[in-house]
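[1] The amino acid sequence is not available; the structure is as follows:
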């Protein structure tokens, strides 16, 4: 019984991390219909920013998360103005390949600077475990989970309850019409890229507190992010949260009760099954 | 159309002939090209880069004069003496840990780079697949570190392996555990956690079989995917079974996650044995060494006394990379040195001559940098004198604790993890 509770708690925490990881991806996908293949590598960049901030500046978790978010915000808007704005005029394939190229550029730049070695943050940064009855909860995972919830909620409120959010959504809906209404579409989309990249940076900085850091770490996490986003519904921020939690739970329970080698089979079988029934994802709008 | 085909055929004839000629009659002073396949990026990129650096130091030893290491073949004089002092040159290829890339890169090295021999490839799954290309193209392949028994068990003529393999490790572990029992630390139950490709499956299976034969109870064997993002399920299973010893057959990123997850779920196994690979990766000790105190590992590498050849080799490696040589990279360096020695004895870069020289290899422990009992290949190409020690992580170093004749430190029992 205690083990079952631990498995469920672990699954929820893992799911919250997946949701945190995926929130930025779903934003860009929903706002612009652009698939950002470099998303995982943005998260990796956030992890290295946290690592450098800790080793050079002895920064705390709050400081390096904000730093990673800020730097990635700048990088995201720069990427929009420098690359995305131009390729959006081209065919779909150009958009796909350009973000893919960006992913390789970011990854191999990291290889060049940091080499292929694995590093981790010292255990003293946001370390420790709390015991709730029979359940152990890692503090870094818990913080990541809470921030994931807060970020998701924040993004959702921003998009649905504020004037700025309405402007971003208006551009997503109809670029021409938004322009006629006096909205600068480039600014809104650059903002969306900036916010999505900042979310990726914060996610990376928080995940770095309990995960290993290497130039290829984004690759293994990115696949899950795509599954989470498709599962939750393209462009739906709350959908990504729900899907992240569900996938975390399914992975943890199937890995424990069926066996770790089968967890992917279970996750992807359910994934295909659910998309067959609901092609728009759990909370997506039917096209 | 036909004209085009004829034209192409005419174009290709000299190309094919040149390829042949190139290979057979390389002039004596031209560098000898060896192709090396390693995972230079991807999840095992750190280990691959470490091995690359080690093999390059190996070439330094061969290409430059190192009279201070008189016992190592080819060290004293510069270059390959019987090939007119020719130097070794490497063509490195990155297979990213992917068996099919390994195969295509091997083919590229053979047909386009015209290497005279190949070495690699870290992950057993890649070595297993890529060596078939060398066998088909009749070019010698030296396996320095991949330890799945199946690689040399296929009747291949062109594959040679210096490293100890699965059954050798299983032997070392049961021998060590027998002594541990005698020391008054009862070990009856074992759990094996292995990654689920060629390396983990074959080595993990071999250890299980051997342990059962010796009367140990294998309470769990947990295969898993080394690229997974979370290992909590495996750790919870271990926690439930709480075996006397957990044996990990794992790569780097997963080994790091296991140590972190132990801490996270407040589980300290009674003893952890890591089967080299991930546990020997320099970044493992650097990133989680402080929470993996007391972990047992295997190694055939020992730095040795100041002034010894191994000590000097370690200094050269340190000058290049800033850290000590590890077992996996050391086994790759040894594999290269044996290959270079064979090419020199062959006195030619013709594949058949190199193959013959490799088959006739007979090196004594004094001529080696690793702690093998020598190098002599059996009919399958496996070194029958391969051997390994057992080491333990104490502080920031693995120190040899078994067998007693080679021990530098007494065994510390149980596994400490992070408690000081």
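    Looks like it came in fine. A quick note: this is a predicted structure, and the numbers were derived from the prediction, not measured.

[2] Pull out the buried residues from stretch B:59-79.
    Residues B:59-63, B:66, B:69, B:72-75, B:79 are the ones in stretch B:59-79 that count as buried (16 or more other CB atoms under 10 Å in any protein chain shown). Where you see a C-beta, it was placed from the backbone N, CA and C, and this is true even at glycine.

[3] same question, stretch B:204-221
    Buried, per 16+ other CB under 10 Å, within stretch B:204-221: B:204-208, B:210-211, B:216, B:218-220.

[4] still on that earlier bit, okay, and which of the buried residues of stretch B:59-79 map to strands?
    Among those, no residue falls in strands (DSSP state E).

[5] Out of the residues you listed, which sit inside helices?
    Judged by DSSP state H, the buried residues of stretch B:59-79 include B:59-63 as members of helices.

[6] coming back round to it: turn the buried residues of stretch B:59-79 into CSV, columns for distance to residue B:159.
    Shown next, in CSV, are those (distance: CB to CB, whole Å):
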residue, distance to residue B:159
B:59, 22
B:60, 26
B:61, 24
B:62, 22
B:63, 26
B:66, 29
B:69, 28
B:72, 24
B:73, 21
B:74, 22
B:75, 26
B:79, 26
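
[7] which parts of stretch B:260-270 are buried?
    Neighbour counts over stretch B:260-270 (16+ other CB under 10 Å) mark B:260-265, B:267-270 as buried.

[8] Please apply the same query to stretch B:331-350.
    B:331-349.

[9] what mean pLDDT does the top helix by length along chain A have?
    Taking DSSP H as the assignment, the helix of chain A that covers the most residues is helix A:2-32. In this model, helix A:2-32 carries a mean pLDDT of 85.

[10] Point out the residues in the stretch 1-150 of chain A that sit beside chain B.
    Residues of the stretch 1-150 of chain A found near chain B (CB under 8 Å from any CB of the partner chain) are A:3, A:6-7, A:10, A:14, A:111, A:115-120, A:123, A:129, A:131, A:136, A:138, A:141.

[11] List the ones among the residues you listed that fall in helices.
    With DSSP H as the criterion, helices contain A:3, A:6-7, A:10, A:14, A:111, A:141 from among the residues of the stretch 1-150 of chain A next to chain B.

[12] Any chance of these in JSON lines with neighbour count as columns?
    As requested, those are arranged in JSON lines below (neighbours: other CB atoms under 10 Å in any protein chain shown):
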{"residue": "A:3", "neighbour count": "14"}
{"residue": "A:6", "neighbour count": "20"}
{"residue": "A:7", "neighbour count": "20"}
{"residue": "A:10", "neighbour count": "30"}
{"residue": "A:14", "neighbour count": "25"}
{"residue": "A:111", "neighbour count": "16"}
{"residue": "A:141", "neighbour count": "25"}
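
[13] pLDDT below threshold where in the chain?
    No chain was given, so I picked chain A. A:286-287 (pLDDT under 70).

[14] Wait, chain B was what I had in mind.
    Ranges of chain B meeting pLDDT under 70: B:1-29, B:419-420.

[15] what's the residue closest to the geometric middle of it?
    Geometric centre of chain B, nearest residue: residue B:145, 1.7 Å, by CA atoms, centre = their mean.

[16] Helix, strand or coil: sort out that one for me.
    Following DSSP: H, G, I helix; E, B strand; the rest coil, we place residue B:145 in the coil state.

[17] Now do the contacts for it.
    Neighbouring residues of residue B:145 by CB atoms under 8 Å, 6 or more residues apart in numbering or on different chains: B:51, B:122, B:163, B:328, B:331-332, B:335.

[18] how about JSON lines for those, with secondary structure and distance to residue A:20 added?
    Formatted as JSON lines, the contacts of residue B:145 follow (DSSP: H, G, I helix; E, B strand; the rest coil; distance: CB to CB, whole Å):
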{"residue": "B:51", "secondary structure": "helix", "distance to residue A:20": "35"}
{"residue": "B:122", "secondary structure": "coil", "distance to residue A:20": "33"}
{"residue": "B:163", "secondary structure": "coil", "distance to residue A:20": "42"}
{"residue": "B:328", "secondary structure": "helix", "distance to residue A:20": "35"}
{"residue": "B:331", "secondary structure": "helix", "distance to residue A:20": "41"}
{"residue": "B:332", "secondary structure": "helix", "distance to residue A:20": "39"}
{"residue": "B:335", "secondary structure": "helix", "distance to residue A:20": "44"}
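
[19] Please list the residues of the stretch 51-200 of chain B that sit near chain A.
    residue B:196.

[20] and the residue in the stretch 51-200 of chain B that chain A sits nearest to, how many neighbours does it have?
    Per CB to the nearest CB, residue B:196 is where the stretch 51-200 of chain B lies closest to chain A, at 5.3 Å. Other residues within reach of residue B:196, judged by other CB atoms under 10 Å in any protein chain shown, total 18.

[21] Spatially, and excluding backbone neighbours, which residue is closest to it.
    The spatially closest residue to residue B:196, leaving aside those adjacent along the chain, is residue B:223, at 4.3 Å (CB to CB, 6 or more residues apart in numbering or on different chains).

[22] Bridged to the one you found, which residues?
    Counting by DSSP bridges, residue B:223 forms beta bridges with residue B:194.

[23] Equivalent analysis for residue B:389, please.
    According to DSSP bridges, beta-bridge pairing links residue B:389 with residue B:299.

[24] if I look at it, how far off is residue A:243?
    Here residue B:389 is placed at a distance of 49 Å from residue A:243 (CB to CB, to the nearest Å).

[25] Just the strands from the stretch 101-250 of chain A, written as ranges.
    A:129-132, A:135-138 (DSSP state E, counting those that start in this stretch).

[26] quick one on the thing from earlier: isn't the residue nearest to residue B:196 right up against residue B:200?
    Yes - counting by CB atoms under 8 Å, residue B:223 touches residue B:200, with 6.8 Å between them.

[27] Which of those two has more residues huddled nearby?
    Set side by side, residue B:223 and residue B:200 show more neighbours around residue B:200, with 27 against 20, by other CB under 10 Å.

[28] Would you mind pulling the contact partners of the helix or strand hosting that one?
    Using DSSP states H and E, residue B:200 maps to helix B:198-213. Helix B:198-213 is contacted by residues B:123-125, B:128, B:146-150, B:166-167, B:169-171, B:173-174, B:190, B:192-194, B:218, B:221, B:223, B:226, B:247, B:249-251, B:275, B:277 when judged by CB under 8 Å, 6+ apart.

[29] Give me the subset of the buried residues of stretch B:260-270 that also touch chain A.
    Contacts with chain A within the buried residues of stretch B:260-270, counted by CB under 8 Å from any CB: B:260, B:263-265.

[30] Only whichever of the contacts of helix B:198-213 are buried, select them in PyMOL.
    For the buried members of these, the matching PyMOL selection, counting by 16+ other CB under 10 Å, is:
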select buried, chain B and resi 123+124+125+128+146+147+148+149+166+167+169+170+171+173+174+190+192+193+194+218+223+226+247+249+250+251+275+277
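
[31] which ones among the contacts of helix B:198-213 are found in strands?
    Those of the contacts of helix B:198-213 lying in strands (DSSP E): B:190, B:192-194, B:218, B:221, B:223, B:247, B:249.

[32] what two of those are the furthest from one another?
    Farthest-apart pair in the ones in strands among the contacts of helix B:198-213 is B:190 and B:223; separation 15.3 Å (CB to CB).

[33] what touches both of residue B:223 and residue B:200?
    Joint contacts of residue B:223 and residue B:200 (CB under 8 Å, 6+ apart) are residue B:194.
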